[in-house]
Every structure is written in structure tokens, then in C-alpha cells.
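Participant: Give me coordinates for this.
(2 chains)
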Amino acid sequence: KNEVEQSPQNLTAQEGEFITINCSYSVGISALHWLQQHPGGGIVSLFMLSSGKKKHGRLIATINIQEKHSSLHITASHPRDSAVYICAVETSGSRLTFGEGTQLTVNP
Amino acid sequence: EPEVTQTPSHQVTQMGQEVILRCVPISNHLYFYWYRQILGQKVEFLVSFYNNEISEKSEIFDDQFSVERPDGSNFTLKIRSTKLEDSAMYFCASRIGFSGEAFFGQGTRLTVV
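Facilitator: I've put the predicted structure just below:
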């Protein structure tokens, strides 16, 4: 079993829709990261969370430590949001353990 | 905005050859990492580096791999004798401290033929 599970694997939405991507993990963590990977391959950090909720523009990330679960929400989605969204956790040490990613496609 | 820079963006090498992948982390960052992503798979941790030494490495990071910070700015990953299965995208990352946001480079796509 993977330490980090994301769902869904693939998500197609229409422009303007509210999007939720979920991440569950099976180990104790010190922090959880949400990252974005564009088709060219580069990885951009979106959020780092250890509790509660963070918001940046149209993106919102939440984490429930007791349930070992985090969600990434995108409000008013846009075609430029199309990318792979990756959940990664820190356990012992500072290394990140990555999920498989969620491929998001937003159609105009 | 400061960024992590990796060179080259793409490298093709023959099996058995040595390759060096280069990274310039953000200047005031103290923790450095190499990750790799085989095509179609998830990103995997290779090694972390702090205070001029390896702080953690994965089982992937065997004797064929080495890292170095030869001067105050560069952070390199060397693969001594490349294998076909080393073909992947290699990402460098840096962080200001033990915990904190991770900044990734754009990656080096290594193709071993």
C-alpha cells in the first residue's frame, strides 16, 4: 500500500467549476505539501500545511491530522489550471514522499 | 523571485558513461535535495544534503550516485556509470531550513541510450 494515496487519478471539469482533489496518508507526518506539475515537467510548490487551512487566490488547502486526510480545492476553475496536482508528505527527516498525482483538465 | 536553476534541461548519454547534473539552489537555502521521476511514475526521493554532507538517502541512491557542493553555489548529482533504467527526469530542490516550503528546479531530463 502506498503511503500517500490521491483521488481521483484523473479529473475533467468545465471552466468555472469547483474542484476538489483528495489526499490520504497512512503514516504520521510533520507536514503535507501540495505541488503543481505542468506538462513541461517543472514542479511548483502551492502549499505547505501542518494543520488547518490555507488560501492563496482561488486555491484552498485543508488538512485533518486526526483523519490523515487533506484536500485541495480550486474555485472558479480555468483552463490554465490544467496540470498534475501532487500531494507529498514529510515524515521523519525532511524528505518528501509523493503521491501519484491527479491529472486535472479544465475545458473552456 | 529567487529560483532553483538546473542544467542541462535535457541530456542524452550512452549506457556506461558518467553524467553530472547541475543545480544552483536559492542562495540563502541550507537544505538541498535530488528527486527523480521515471516517465509515467511518481516522484521519488534520492538524497538530501545539509552542512556539506548527506543527511539522508534512499535505497535508490547506491554507489553509482554521488552528490557534491563544490563551491558556494552549485549542487551536483553524479551518476558514475549510467544504466538504461537511470533514464528519468531529475529534480533538484532546496529549502531554507529543515521545515519550510520546498523550491524545485525545472528538472533535467536524462535519456540513457
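Participant: Retrieve the pLDDT associated with the residue nearest the centre of chain B.
Facilitator: Closest to where the C-alpha atoms of chain B average out (CA atoms, centre = their mean) is B:Trp34, at 3.3 Å. pLDDT recorded at B:Trp34 is 98.
Participant: do A:Lys1 as well
Facilitator: 63.
Participant: try the one 4 residues further on
Facilitator: A:Glu5 is assigned a predicted lDDT (pLDDT) of 97.
Participant: what sits against it?
Facilitator: Neighbouring residues of A:Glu5 by CB atoms under 8 Å, 6 or more residues apart in numbering or on different chains: A:23-26, A:99-100. To be clear about C-beta, it is placed using only N, CA and C from the backbone, and glycine gets the same treatment.
Participant: From the residues you listed, which one has the minimum pLDDT?
Facilitator: Among the contacts of A:Glu5, A:Ser26 carries the lowest pLDDT, at 93.
Participant: What about it, how many residues nearby?
Facilitator: By other CB atoms under 10 Å in any protein chain shown, the residues close to A:Ser26 number 12.
Participant: pretty sure it contacts A:His69?
Facilitator: No. With contact defined as CB atoms under 8 Å, A:Ser26 does not count as touching A:His69 (10.8 Å).
Participant: related to what we said a few turns ago, report the beta-bridge partner residues of the residue nearest to the centre of chain B.
Facilitator: Bridge pairing for B:Trp34 (DSSP bridges) gives the partners B:Val47, B:Cys92.
Participant: contacting residues for it?
Facilitator: For B:Trp34, the contact set (CB under 8 Å, 6+ apart) comprises B:21, B:23, B:46-47, B:67, B:77, B:90-93.
Participant: a markdown table for those residues, including pLDDT and neighbour count?
Facilitator: Formatted as a markdown table, the contacts of B:Trp34 follow (pLDDT from 0 to 100; neighbours: other CB atoms under 10 Å in any protein chain shown):
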| residue | pLDDT | neighbour count |
| --- | --- | --- |
| B:Leu21 | 98 | 23 |
| B:Cys23 | 97 | 25 |
| B:Leu46 | 98 | 20 |
| B:Val47 | 97 | 20 |
| B:Val67 | 97 | 22 |
| B:Leu77 | 98 | 24 |
| B:Tyr90 | 98 | 22 |
| B:Phe91 | 98 | 26 |
| B:Cys92 | 98 | 26 |
| B:Ala93 | 97 | 26 |
